[in-house]
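Participant: what follows is a predicted structure for the sequence shown.
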Amino acid sequence: MKNQLETTHPSVSSAPEPLSANNCNEFPGFPAIRARKNSPRNLGNCRFLQGRGFSLLEILLSLLIVSGALVPIFGGLQVSNDLENYCRFEEKAIFMAEREMELLKTDLLSGARPLGTHSAKGRFAAPRGWSSIIIWSPQPPEGSVRLESKVSKGKDSVKLESFLFVPISGKSN
C-alpha cells in the first residue's frame, strides 16, 4: 500500500509530484482549494482580514450603533428604578393610612372622638420625612361618617377614603 504523502491527486495528468507538508498547492479531494501565491497569510477572499484591520470609520460606525442600542436600555432601567421606588413608597403609605383609619374607626365607635367635621395628625410614629393626617366628617342623609387618611413624603402622597356607619345614640330600633 502506498504512503499517503507519496500519492498525487488523480486530476493531475503531468508527472506526479508528491504532496508534502511544505508543498500544499492542491489538497487531496479538494482540487478547487489552492493557496494564493501573492497572499502572505492565505486568507481567501475575506477582504477585511487581509492584513489591513478595521478603519477608524468602521469602528466609529459600530460604536454609534452599539451606543444607539444601549441608550434606550439604560433609560428603561431608570424608569424601572423610579417605578420601583414609588411602589415601595405607596406600599408603606397605604399600610400607614390603613392603620390610622382603623384607629380612627375605633375612636369614633367608642366615643373617644367627636362626630363633627375634624382633622388631626396621625397618632402613630411616622418615619422621618413622612406625615400623616386624618379627616372625618359626618354625612347626615346617610347616617355615616366619611373618613380620609392622607400620608405624604416629600412630593408623593397617598389618600385613602372610607365610610363608617355610626349608630346614633338615643334612637331605639
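Facilitator: Done, it's in.
Participant: tell me how many other residues surround Val66.
Facilitator: 10 (other CB atoms under 10 Å). Using the backbone N, CA and C atoms, a C-beta is placed for each residue, glycine as well.
Participant: do the same with the one 5 residues further on
Facilitator: Other residues lying near Val71 total 10 when counted by other CB under 10 Å.
Participant: let me see the confidence value for it.
Facilitator: On the pLDDT scale, Val71 is placed at 90.
Participant: try the one 4 residues further on
Facilitator: The predicted structure scores Gly75 at 87 on the pLDDT scale.
Participant: and the gap between it and Phe124?
Facilitator: When distance is defined by CB to CB, to the nearest Å, Gly75 is 38 Å away from Phe124.
Participant: which elements pack onto the helix or strand containing Asp82?
Facilitator: Secondary structure assigned from DSSP states H and E places Asp82 in helix 56-110. Identification of packing neighbours for helix 56-110 by 3 or more CB pairs under 8 Å, 6 or more residues apart in numbering; DSSP states H and E yields strand 130-139, strand 144-153, strand 156-165.
Participant: between strand 130-139 and it, find me the angle.
Facilitator: Angle of helix 56-110 versus strand 130-139, following axes from the mean of the first three to the mean of the last three CA atoms, to 10 degrees, is 50 degrees.
Participant: next secondary structure after helix 56-110?
Facilitator: Following helix 56-110 in sequence, per DSSP H and E, is strand 118-121.
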